[in-house]
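Predicted coordinates and the sequence they were generated for:
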Amino acid sequence: MPVKYNYDSKAKTVHAYPYAELSISEILGYFADLMQENDIAAQSIEVVHFDRVEKFLFSFEEAEEITTRLTQLRNENELLGTILVGKRDYHYGIARMMQTLIEINDPDYMTFVVRSDKELQNAIHDISV
């Protein structure tokens, strides 16, 4: 599955690392795995690092489905917010599209797009307070 993730219990942060060619089935599989995780504490933050994704293989309609599933994940696991890390222009563009769709689907959910590690730390801080 091209989405590996780990959970930092001290920081209450899920770091997702999609890689290679990322399709809707892999993304939905990742969400299903997270929904079954018992170790992820309520009020955690999700960080998705797009650095290693070579191609995004999903349509606009499938992107909308991703945001709907994220809302389910948010409600099930009581996530505080999601941070999408797009350091390169291609990744940043996809992250901004996803942010817009998330904000349309779930306007109260905190979603940030960042390009650097410093911005990432600032976003984690902003969601945590």
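All right, it came through fine.

which helices and strands sit right next to the strand ranked longest in the chain?
Ranked by number of residues, the top strand in the chain under DSSP state E is strand 13-23. Applying 3 or more C-beta pairs under 8 Å, 6 or more residues apart in numbering; DSSP states H and E, we find strand 13-23 packed against strand 3-8, helix 24-36, strand 45-49, strand 52-57. In this view, the C-beta of every residue, glycine as well, is placed from N, C-alpha and C.

List the pairing partners of it within its sheet, with orientation.
Applying DSSP bridges, strand 13-23 is found paired with strand 3-8 (antiparallel), strand 45-49 (parallel), strand 52-57 (parallel).

between the first one and helix 24-36, how big is the angle?
For the pair strand 3-8 and helix 24-36, the angle between their directions (axes from the mean of the first three to the mean of the last three C-alpha atoms, to 10 degrees) equals 20 degrees.

list the buried ones in strand 3-8?
Residues of strand 3-8 classed as buried: 3, 5, 7 (neighbour count, 16 or more other C-beta atoms under 10 Å).

List the contacts of the last one.
With contacts taken as C-beta atoms under 8 Å, 6 or more residues apart in numbering, Tyr7 has the following neighbours: 13-15, 37, 39-40, 44.

again, only this time at 7 Å
Residues near Tyr7 by C-beta atoms under 7 Å, 6 or more residues apart in numbering: 14, 39-40.

Could you dump those residues into TSV and include distance to Phe58, neighbour count and pLDDT?
Shown next, in TSV, are these (distance: C-beta to C-beta, whole Å; neighbours: other C-beta atoms under 10 Å; pLDDT from 0 to 100):
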residue	distance to Phe58	neighbour count	pLDDT
Val14	21	22	97
Asp39	28	6	91
Ile40	24	21	93
